[in-house]
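1. Need the 3D shape of this:
(one chain, ligands or ions: 2)
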Amino acid sequence: MNALPATVTRAAGGELIALDAVQKSYNVGKPSEAEVLHGLDLRIHAGEFVALMGPSGSGKSTLLNILGLLEPLTSGSYRLQGEAVQGLNDAALTLRRRHTLGFVFQFHHLLPAFSALENVTLPALMGEGHVSAAQRERARSLLDAVGLAQAMDKRPGELSGGMQQRVAIARALVMEPPLVLADEPTGNLDTASSAEVFALLRRIHAERGTSFIVVTHDPRLAARCDRLVELVDGRIASDAAIVPGVEPVPSALSPLRA
Ligand SMILES: Nc1ncnc2c1ncn2[C@@H]1O[C@H](COP(=O)(O)OP(=O)(O)OP(=O)(O)O)[C@@H](O)[C@H]1O
Ligand SMILES: [Mg+2]
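-> Ligands and ions are numbered 1, 2, ... in the order given. Have a look, this model is predicted:
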C-alpha cells in the first residue's frame, strides 16, 4: 500500500461544525409528527476524529444526515465552516456536499455495473459532467493507497465486502473533502475487515488531516477514536476525549448511569 496522495495542508483546529439548539422533527404538521433531536449543541474542529455512539433510534443517522446537508433541521442553527447552512439554496447545498463532505455508509452503494475505478471517479463525473485526467489519476492513487491497485478494473460483485467498503472510502475522498461522515462504515463487515477498514480511516486522518465523524456500535472501534459523543434519546448524553487504551462504556449501557 502506498502513502495517500499529497494534498493541501489543512489548517488544524478551525471550527468545522457548530450546532446550536438543533431540533429535528419528522412529519411536521402530520399526526405522525415526532421530534427526534431535542436541541443539540455541538462543536467539531478541523482534524478531529470523533466517534458517535448511542442506542438504536437515538438519532445518530438523523444527526449525520443533518451534518451532511442531506436533511434540513427543523429549528436551531448549523454553521459549516462558519457559514449558516439554513440560508443556502439547493444548488449551494449540493456544491457544499460535493466539496466539503465525503460520505461512507454501512452499505457502500457502489454501482454494480461499473468498475472500482469508475465508482471512485463517480462524484467527479456527477459534479462536473466529466472526469479530468488529474481526477482519474487521483482515483487510481487512492485505490492504490487503500490496497486495491490490482482490483481497479473489477466490478463490486467481484470484490469482498471489505474491499467494496475500501472502494467506497476511496470514493468519499476523491473530491478531497475536509470532513468525512461515516455511518456504521464497518457495520456490515466481519471483525477482521472492520479492523482493517477502521485502520484505513485512521491512516487517512493521520496522513491528510481529514476530519472524521464515525457512527459505530462497537466500543472497541470507538476506543480508537479521539473523542466520543454519545446520543441518547435525541440528546447528547456525554461528550469526552477518549483515554487511549481504555474502552469507553456508553453511559446508556452502564449500570452506573446517572
Ligand atoms: N425519514 C424518517 N421519517 C420519520 N421518522 C424517522 C425518519 N428517519 C428516522 N426516523 C425516526 O427517527 C428516530 C431516530 O432514527 P435514526 O435513524 O436517526 O436512529 P439511529 O440512532 O441512527 O439508529 P440505528 O442505530 O438503528 O441506525 C427513530 O425513531 C426513527 O424511527
Ligand atoms: Mg442509524
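2. Show me the beta-bridge partners of Val229.
-> Leu52, Asp239 (DSSP bridges).
3. pLDDT weak spots in the stretch 1-150 of the chain?
-> For the stretch 1-150 of the chain, applying pLDDT under 70 flags the ranges 1-13.
4. So which residues of it form strands?
-> Using DSSP state E, counting those that start in this stretch, the strands assigned to the stretch 1-150 of the chain run over residues 15-26, 34-45, 49-53, 75-80, 83-84, 101-104.
5. tell me the most buried of the ones you listed?
-> Greatest average neighbour count among these goes to strand 49-53 (a mean of 24), per mean count of other Cβ atoms under 10 Å. In this view, the C-beta of every residue, glycine as well, is placed from N, C-alpha and C.
6. List the contacts of that one.
-> With contact meaning Cβ atoms under 8 Å, 6 or more residues apart in numbering, strand 49-53 is reached by 44, 60, 63-64, 201-202, 205, 211-217, 219, 221-222, 225-231, 242, 248, 250.
7. can you check stretch 217-232 too?
-> Here stretch 217-232 has contacts from 42, 48-55, 58-60, 63, 184, 186-187, 194, 198, 202, 212, 214, 216, 236-242, 245-252, using Cβ under 8 Å, 6+ apart.
8. If we ignore the residues flanking it in sequence, what's nearest Ile213?
-> Val50 (4.8 Å; Cβ to Cβ, 6 or more residues apart in numbering).
9. circling back: and the strands of the stretch 1-150 of the chain as CSV, adding distance to ligand 2?
-> Compiled in CSV, these are given as follows (distance: least, Cβ to the ion, whole Å):
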stretch, distance to ligand 2
strand 15-26, 13
strand 34-45, 11
strand 49-53, 10
strand 75-80, 19
strand 83-84, 26
strand 101-104, 13
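10. Would you mind giving the ones you listed as JSON lines with distance to His130 added?
-> JSON lines is the format used below for the strands of the stretch 1-150 of the chain (distance: least, Cβ to Cβ, whole Å):
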{"stretch": "strand 15-26", "distance to His130": "30"}
{"stretch": "strand 34-45", "distance to His130": "33"}
{"stretch": "strand 49-53", "distance to His130": "34"}
{"stretch": "strand 75-80", "distance to His130": "27"}
{"stretch": "strand 83-84", "distance to His130": "28"}
{"stretch": "strand 101-104", "distance to His130": "20"}
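11. Of the contacts of stretch 217-232, keep whichever come out buried.
-> 42, 48-55, 58-60, 63, 184, 186-187, 194, 198, 212, 214, 216, 236-238, 242, 248, 250, 252 (16 or more other Cβ atoms under 10 Å).
12. Next one: the closest residue to Gly39 other than its chain neighbours from Gly87, what distance?
-> Among residues not flanking Gly39 along the chain, Ala21 sits closest, at 4.8 Å (Cβ to Cβ, 6+ apart). Remark: distance between Ala21 and Gly87 (Cβ to Cβ, to the nearest Å) = 17 Å.
13. before we move on, what about Ala139?
-> According to Cβ to Cβ, Ala139 stands 33 Å off from Gly87.
14. In terms of neighbours, single out the busier of these two.
-> More crowded of Ala139 and Gly87, by other Cβ atoms under 10 Å: Ala139, with 26 against 7.
15. Count the neighbours of the residue nearest to the more buried one when sequence neighbours are not counted for me.
-> The shortest distance from Ala139 to any residue other than its chain neighbours is 4.1 Å, reached at Val120 (Cβ to Cβ, 6+ apart). Here the number of neighbours of Val120 (other Cβ under 10 Å) works out to 30.
16. What of Arg235?
-> A total of 14 residues lie near Arg235 under the criterion other Cβ under 10 Å.
17. Not counting residues beside it along the chain, what's closest to it?
-> Per Cβ to Cβ, 6+ apart, closest to Arg235 is His38, 5.4 Å.
18. okay, now Val28: neighbour count?
-> Neighbour tally, Val28, other Cβ under 10 Å: 11.
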